[in-house]
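In: Compute the structure for the input listed below.
(3 chains)
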Amino acid sequence: MQRGTTHYAAPPWDGDVARARALQVELAAQVRLVDEHPPLPYVAGVDVGFEEDGAVTRAAAVLLDAQTMEPQAEVIARLPTRMPYIPGLLSFRELPAVLQALEQLPRTPDLVFVDGHGVAHPRGLGIAAHLGVVTGLPAIGVAKSILVGTHDAVGTRRGDRVPLMHQGRTIGWVLRSKDRIRPLIVSPGHRVSMETAPALVLAYCTRYRLPEPTRLADRLASRRGRDIKSRAP
DNA sequence: GCGACAG
DNA sequence: ATCTTGTCGC
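Out: Residues are numbered from 1 along each chain as shown, chains lettered A, B, ... in the order given. This is a model prediction of the structure:
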């Protein structure tokens, strides 16, 4: 960590699925779906990839100027993978590495775009909501497919959207970020309202399906982009 | 009991 | 998520 004072507590994992789910319910109660993000000087995008056949979890975080969307910093954190992928418990597997990457950024972002769901989760605590609650930072979840919920047909043009419903509640949106391209599943994670989340995501979608913060982090996390700057002694 | 199931 | 070339389309 280079910022020194910031150290986020990673979620615990002892193999007890029931305990993890109980913790999710507790943390979900702390989620605030109201707009509390400041005028955005800086935004960040985070995503995770794997190396060594899954033995190593690699998280990437990219800091961008909120206005120009120009990348200000790109960092990578590597940690040994300590649990398998379990639907509904993704954050317990990926958040530890993501938090370390966030700590390596030269400054704290005012909003974080996370690859995965926000409150559009069985217990209301997708990885974006989990990240938001443990860091206190405003966060939005941007997923490529649905984990839970149903929805009506969505228009085919950029900006078209329909609510993602679950147990009679709107838990997110199915948002068309690009004409004719498979829609994104957007849900607020923390300190962002259900109404604002899709507007912010759309504002950061330029010529690609994914919003810039997430797209850049995605490129760094997976092994594409010709391994720009990594290596950690 | 039988599927579904973010990444 | 990851294993993988070329190919169809804006």
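In: and the residue nearest to A:Arg215 when sequence neighbours are not counted, which of the three is it?
Out: If you skip the residues right next to it in sequence, A:Arg215 has A:Tyr208 as its closest partner in space, 5.5 Å away by C-beta to C-beta, 6 or more residues apart in numbering. Placement of C-beta: from N, CA and C, glycine included. When the structure is split into helix, strand and coil by DSSP: H, G, I helix; E, B strand; the rest coil, A:Tyr208 lands in coil.
In: What is the burial count for A:Tyr208?
Out: Other residues near A:Tyr208 number 13, with proximity taken as other C-beta atoms under 10 Å.
In: if I look at it, how far off is DNA strand B?
Out: Noted for A:Tyr208: a distance of 15 Å to DNA strand B, by C-beta to the nearest atom of the strand, to the nearest Å.
In: For that residue, give its distance to DNA strand C.
Out: Between A:Tyr208 and DNA strand C the distance is 11 Å, computed by C-beta to the nearest atom of the strand.
In: for A:Leu79, helix, strand, or coil?
Out: Classification of A:Leu79 into helix, strand or coil gives strand, according to three-state DSSP.
In: was I right about it contacting A:Thr57?
Out: Yes - in terms of C-beta atoms under 8 Å, A:Leu79 counts as a neighbour of A:Thr57; the distance is 5.1 Å.
In: So between these two, which is more surrounded?
Out: Looking at A:Leu79 and A:Thr57 with other C-beta under 10 Å, you find the greater number of neighbours at A:Thr57, namely 25 against 17.
In: which SSE is that one in?
Out: Using DSSP states H and E, the secondary-structure element containing A:Thr57 is strand A:56-65.
In: helices or strands next to that strand in the packing?
Out: Using 3 or more C-beta pairs under 8 Å, 6 or more residues apart in numbering; DSSP states H and E as the contact criterion, the secondary-structure elements in contact with strand A:56-65 are strand A:42-51, strand A:71-80, helix A:90-104, helix A:212-221.
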